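Trainee: fold the following and give me the result.
(one chain, ligands or ions: 2)
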Amino acid sequence: MKRYLFLLGLFFTLVSCTDSSSNPNVPPKEDPKPKSIHIALGEPKDSDSINDYVVLRPQYVFSYDHFTNTTNWVAWNLNASWYGDVDRYDGNFISDTSLPKDWTIIKHSDYTNSGYDRGHMVRSEERTKTIEDNKSTFYMTNILPQTPDLNRGVWYDFELFCEDLCKNQKKELFIVAGGVYHSNNTINGKLKIPDSCFKIVVVLESGQSLKDVNKNTTVYAVMMPNIDGVRKDTWDKYKTTVDAIESSTGYDFLNAISTEIQATIESKKW
Ligand code: MN
Ligand code: MN
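Mentor: Numbers count the residues shown, from 1 in each chain. Ligands and ions are numbered 1, 2, ... in the order given. Predicted coordinates:
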């Protein structure tokens with residue numbers, strides 16, 4: 001009993017100490033916020049963080065593997081407000097000098113004559129509100145080598161589907177995309193070529209976020225082979241589950257969502 005009274009006393013002491021209303025110099029307490037809106041549903045984690053160098057940009061968040069000079073994943077929020085009328089940036093793709101200086105920095109020319117497109121993860125059109133937003137999508141850390149058939153074909157088909165969700169259906173999307181690397185194919189030994197590319201799209205209503213995700217929330221997940229011959233395919237041919245992408249990549253996605261809800265929405269195919 002004594003112990004309870006002590007704890008109760010401690011509780012009220014703490015409450016009165018943090019009560020901002022009694023002290024005008026203490027700002028009101030706010031809800032805990034994620035480090036960035038782009039990872040509001042969780043920062044993807046695998047068993048080994050040594051090759052996950054996470055960079056937060058106002059426009060997206062990405063994880064970089066400096067041993068293979070490869071972007072592991074890019075995460076971004078998307079809704080109609082990110083689309084604007086800024087012209088597509090027309091310079092060369094940009095070396096990301098925000099990475100530590102002693103790392104190999106991938107350049108525009110590293111892809112030249114490789115046969116692979118510089119495939120955007122965050123699509124250029126998805127960041128057209130300001131010149132700076134659009135330019136940010138041209139950093140080489142937002143780029144993976146994709147075959148022209150993937151980049152301009154079925155991957156693009158899914159990008160258009162997401163654009164429609166935002167612009168015509170006023171949805172709020174939380175997206176993560178990246179590569180699946182099982183073979184060791186590289187461009188000139190300098191950077192890895194993904195065997196396939198994945199994208200996970202959580203679909204919420206305008207303005208919704210983490211607390212609104214429930215067992216009925218729609219989650220599209222695709223894994224598309226990075227090969228020739230997929231240009232005319234439609235995206236739904238490559239529907240899969242988040243669980244399948246998690247086991248292929250080793251990452252736990254959407255990990256800010258309760259494990260119970262994750263179990264349901266990650267095992268379902270929409
Ligand atoms: Mn593309
Ligand atoms: Mn998960």
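Trainee: please identify the helix or strand for the residue in the stretch 101-250 of the chain that ligand 2 sits nearest to.
Mentor: Minimum separation of the stretch 101-250 of the chain from ligand 2 (C-beta to the ion) falls at Glu246, amounting to 5.8 Å. Just so you know, the C-beta spots here come from the backbone N, C-alpha and C atoms, and that holds for glycine as well. Secondary structure from DSSP states H and E places Glu246 in helix 242-249.
Trainee: with Trp155 instead?
Mentor: Applying DSSP H and E as the criterion places Trp155 in helix 155-167.
Trainee: likewise Asn134?
Mentor: Here Asn134, judged by DSSP H and E, is contained in helix 131-136.
Trainee: contact partners of whatever helix or strand comes next after that helix?
Mentor: Per DSSP H and E, the first helix or strand lying C-terminal to helix 131-136 is strand 143-146. Outside strand 143-146, the residues within contact range by C-beta atoms under 8 Å, 6 or more residues apart in numbering are 70-71, 93, 106, 111, 114, 116-121, 155, 178-179, 187, 191, 193-194, 197, 226.
Trainee: neighbouring strands - and their directions - for strand 143-146?
Mentor: Its sheet considered, strand 143-146 pairs with strand 117-120 (antiparallel) by DSSP bridges.
Trainee: may I have the partner strand as CSV, with CA atoms only?
Mentor: The C-alpha trace of strand 117-120 is given here as CSV (Å, rounded to 0.1, in the frame of the first residue of the first chain):
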residue,chain,number,x,y,z
ASP,A,117,17.8,3.7,-67.7
ARG,A,118,18.3,6.0,-64.7
GLY,A,119,15.0,4.9,-63.1
HIS,A,120,13.5,7.3,-60.6
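Trainee: and it, average pLDDT?
Mentor: Per-residue pLDDT over strand 117-120 has a mean of 98.
Trainee: for it, give me every contacting residue.
Mentor: Contacts for strand 117-120 (C-beta under 8 Å, 6+ apart): 93, 108, 111, 137, 140, 142-148, 150-152, 155, 197.
Trainee: gap between that strand and the chain center?
Mentor: Relative to its chain's centre, strand 117-120 lies at 16 Å (C-alpha atoms, centre = their mean, to the nearest Å).
Trainee: quick one: Asn79 and ligand 1, what's the gap?
Mentor: Counting by C-beta to the ion, to the nearest Å, the gap from Asn79 to ligand 1 is 20 Å.
Trainee: wait, doesn't that residue sit right on Gln169?
Mentor: No - contact criterion C-beta atoms under 8 Å: Asn79 and Gln169 do not qualify, at 10.4 Å.
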